Structure formats: C-alpha cells, structure tokens
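Q: Show me how the following folds:
(one chain, ligands or ions: 1)
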Amino acid sequence: MGMANSIRPTVYKVPLDLIFSGPFPAASAPWSEVPLVNLEPHMSAVRAVLQRRGGLDAYWEYARTSAGQTGNGPADRRVWEEEVARRIRRYARGWMQPPPTVGWYDRDRLILEDGHLRCCVYKVQGKSWIRAGLRPDAASRWSARPTEPLMRAVARQKRKSFYTPIDHELFRRRKSSRKGTDRLDLIRGFLGPIRGRPSVLDVGCNIGYYSFHLARQGFDAVGVESDAQHFEVAASLRQMYGLDVELWQGPFESYPRTRRFDVVLGLTVFWHFLPPEPSPDLQGPARILVEQLEALVGHTLIWESGSRASEEIDLICRNTGLRHFTLLGETSGTGVERKFGVFTRVPVNEAVAQMRRAGGEGTGGPRAQMPSSSAAPDAVSALPTPASRAD
Ligand SMILES: C[S@@+](CC[C@H](N)C(=O)[O-])C[C@H]1O[C@@H](n2cnc3c(N)ncnc32)[C@H](O)[C@@H]1O
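A: Numbers count the residues shown, from 1 in each chain. Below you'll find the predicted structure:
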C-alpha cells in the first residue's frame, strides 16, 4: 500500500448498492470492480453457509487461484471450509471491527480495498446502508458531492417522498415508494458483470435511479422522463452523483428513433400505454409504444408490469420482434403485484451473449484509476488471514 493508505480511514454510512469489489489479481480479474451481487465466489460462499444453498466450490477456486500468485494458497480444503464458515457466521452475528475499507471513489462507486466477504454477508442479510472506512482521497471526494441543486429542487417542489431511494446520507431516512434494490439485484443478476460500454435507454426513468446505477456499471445511459418535476430531481441527482447520463425530457412516444440501444428498461411504465379496456385492435398509445420498442430495442427489454401484466406481455410479444419472454421474478410495490422479466428477439441466452459482445466484453471497459502499488484485496491469501486482512 502507498503512503496515503497508511492513514486511518474515516468511517461513513454508505449505501451497500454503491459498493463495488476492488481490483483483484489477474487470475480473479473477472471479479474486479463488480457490484456485490455479481461477486459470485463470495456471494455463493455466504449463501452456502448462511442459507445452505449451493457450496463453496467457487470461493475455493477463487482462493486457490488468487493465492497462487502469492504462493500462499489454502492447502487442506476441510480445514479451510471450517474457517471460512466460522468467519461468515461471525460477520453475520455483527462482528464489525474494523469496518470494510473503501480504497477508491470513482464514477460514484465505492471500491473496496478490504472487507468483500463481510459486505456480501450484509448484502445477503438485506442491509441497505453500512458503515465503511474510506481512505483519505475517497473520503474527500465522497463528502464533496454537491447537494445544493438537489436541496433547492426538493425545497421548491415541497417534495417529501420519492419513487426510488436517493443514494446520499442526507436522504437516507426519506420515504421512497419502492426500495429499489430488489429490482436492481434482478437486473444486475441478469446482466452479470459488465465490461465495455453497452447502451441503455431507461423509459419513464422518474428520478433516474436505474439510469444512474447502470451508468456506474459502465453503461452509456439515457433516461427519458415526461414529468417536469421528476426530471428536475433527476438532473440535480446527476450533478450530485457526477455521472455522465443523458436525460431527455418528454413523452417516450416522441423520443427520436435514431439508434437502437443494447438494453431498454421499461419498468412500471408501459401500463400507461394500455387501452382502458382489453382490445384486440392495436391503436392509440399502444400502437405508438410497440413501434417505438421495435425501433429502439436492440437485444433486450427489461420490464416490470403494472397490474395488467398479461396484457402488457401480449402487446409486446404479438406486435414486436421481441417474441421471447423470460420471467425473472415477481415483485410488488405501491400496492400492486407485478411481474418482472425480459423480452428478447432471440432466445434469452443468445441475447445476453449478443449484448456482451456489443458492450465489448473483454476489451477492458472504463476502469477506475487506481494506484498500481495497490495490493491484492482481501480473501486472496490463504487462511488463517493476517489480522490486517480480516476478509
Ligand atoms: C411508476 S414510475 C416508474 C419509475 C421507474 N421506471 C421505476 O420503475 O423506478 C412511472 C414513470 O414513468 C413516467 N411516464 C409515464 N408516462 C410516460 C411517457 N409517456 N413518457 C415518458 N415517461 C412517462 C412517469 O412520469 C413516472 O416517472
């Protein structure tokens, strides 16, 4: 570690959804800079121990290959498994000291230096905010996020609540109609680790929650919102998060058909386009919706329904080339039971592969600028771990 990293980190409460894995050595590079839900070796180990789902194979493979570089790998699998399980259970009981360390703040992501396994325990426990120690440079950038435009917009609108959460300590206790994370996890789980810069169009983006999260993951994101007040909040959040997201104000019906997007999000918005009663004739807003989808969706449409899910599914499957529907989960919010899934032009696995190719997977997309002196993060070394590297 460089000089800066020998200074004690400052502890902040931070949203778990903004935490990304740190830079791993070459053998584990696929797990570098990914959201916790995509950190498969660690997540699968935590699920295996706490929920008895699956096993420790992926984490074992990770520990051995990563440690191969230091010549310090675990030798006896049984002994190693017992130690891993003990550690995970201890974290699950609230063993907090020292808190996980964030080494870098980049593209509004908090990138871990240490504490991966612990963060995955918190994730599986359903926590949304955690205490983390931020290194000096990360702390000064994190605490300097500009809040004035947002505070002004919220005051002018006399806004008390939001549809989705705002990822800033000042708004941690504000009401939001939807938690956000359940759907974010479904999306992140479906997309997998993102490399390169695929494009996404977020229809009815509201205050931009998903546009911003996908931009943090490297997407070239455009949010479309017709409501002026939501749009104003989204624009001030863009400034606060410092993210390069294009926001377009107006009805989706008028969004220009100039290019196809790798991914389109239509979450809880297409119900606005359904006729008041089910109808065999395609007309009015429903017709415009399917024409827009046909023109704008490249590989994948990620969708959440209103209360008439099967009518929305029929409308899209019958009237666009997006004929393959895959249900990812059942969600609920604002008193409505909803369906959450994806529409693709080809079978879903082929569509994901196409999307990854389009994003330039493997070509090394935008990565954080980190000091090259940074040591490999935690859990790389063989157990028992040194005290300074708790997980
Ligand atoms: C229930 S909210 C869902 C917000 C966001 N998609 C989410 O799921 O978190 C629906 C959003 O779609 C917007 N909306 C409704 N009709 C629209 C249209 N024709 N064009 C663009 N946005 C629209 C609304 O203003 C609102 O912000």
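
Q: Chain neighbours aside, what residue packs nearest to Pro99?
A: Spatial nearest neighbour of Pro99, chain neighbours left out: Arg131 (4.5 Å); criterion: Cβ to Cβ, 6 or more residues apart in numbering. For every residue, glycine as well, the C-beta is placed using N, CA and C.

Q: quick one: secondary structure of Asp262?
A: strand (DSSP: H, G, I helix; E, B strand; the rest coil).

Q: what's around it, how many residues?
A: Residues lying near Asp262 (other Cβ atoms under 10 Å) number 23.

Q: Does Pro129 touch Val14 like I think?
A: Let me fix one detail, which is that residue 129 is Trp and not Pro. Yes. Trp129 lies in contact with Val14 (Cβ atoms under 8 Å); the separation is 6.7 Å.

Q: near the ligand, which residues of this protein?
A: 163-164, 178, 204-206, 209, 224-227, 230, 251-253, 267-269, 272 (Cβ under 6 Å from any ligand atom).

Q: Look at Trp129 and Val14 and report which has more neighbours.
A: Between Trp129 and Val14, counted using other Cβ under 10 Å, the more crowded position is Val14 (23 against 17).

Q: element containing that one?
A: strand 10-15 (DSSP states H and E).

Q: Tell me the helix or strand right after that strand.
A: Per DSSP H and E, strand 10-15 leads on to strand 19-20 as the next helix or strand towards the C-terminus.

Q: and that following strand, what's its mean pLDDT?
A: On average, the pLDDT along strand 19-20 is 98.

Q: which residues touch it?
A: 33-36, 100, 102, 109-112, 119, 130, 132, 216 (Cβ atoms under 8 Å, 6 or more residues apart in numbering).

Q: Show me how far it is from its chain's centre.
A: Distance, stretch centre to chain centre, for strand 19-20: 9 Å (Cα atoms, centre = their mean, to the nearest Å).

Q: in the helix or strand encompassing Asp137, what counts as buried?
A: When elements are assigned from DSSP H and E, Asp137 belongs to helix 136-143. Buried residues in helix 136-143, counting neighbours by 16 or more other Cβ atoms under 10 Å, are found at Ala138, Ala139, Trp142.

Q: Show the contacting residues for the second one.
A: Taking Cβ under 8 Å, 6+ apart as the contact definition, Ala139 lies against Pro9, Thr10, Tyr12, Tyr105.

Q: who wins for neighbours among these?
A: Neighbour max across these (other Cβ under 10 Å) = Tyr105, 24 neighbours.

Q: quick one: that residue is in a strand?
A: Yes. Looking at Tyr105 with three-state DSSP, it is inside a strand.

Q: list the contacts for the nearest residue to it once chain neighbours are set aside?
A: Excluding its sequence neighbours, the residue lying closest to Tyr105 (Cβ to Cβ, 6+ apart) is Ala138, at 4.0 Å. Contact analysis of Ala138 by Cβ under 8 Å, 6+ apart lists Val102, Gly103, Trp104, Tyr105, Leu110, Ile111.

Q: Enumerate every residue touching the residue in the stretch 1-150 of the chain that the ligand sits nearest to.
A: Nearest residue of the stretch 1-150 of the chain to the ligand, counting by Cβ to the nearest ligand atom: Asp17, 13.7 Å away. The contact partners of Asp17, by Cβ under 8 Å, 6+ apart, come to Pro35, Ser128, Asp167, Gly180, Thr181, Leu184, His213.

Q: which one of these is nearest the ligand?
A: Gly180 (7.1 Å).

Q: close enough to count as contact, the closest one and Pro165?
A: Yes. In this structure, Gly180 is within contact of Pro165 by Cβ under 8 Å, at 4.9 Å.

Q: Mutual contacts of these two, please.
A: With contacts taken as Cβ under 8 Å, 6+ apart, Gly180 and Pro165 have Tyr209 as neighbours in common.

Q: now for the helix or strand containing Leu237, which elements pack on it?
A: Applying DSSP H and E as the criterion places Leu237 in helix 228-241. Counting contacts by 3 or more Cβ pairs under 8 Å, 6 or more residues apart in numbering; DSSP states H and E, helix 228-241 is packed against helix 148-157, helix 209-216, strand 220-225, strand 246-249.

Q: any idea of the angle the second one forms with strand 220-225?
A: If I follow you right, that is helix 209-216. With axes from the mean of the first three to the mean of the last three Cα atoms, to 10 degrees defining the directions, helix 209-216 sits at 170 degrees from strand 220-225.
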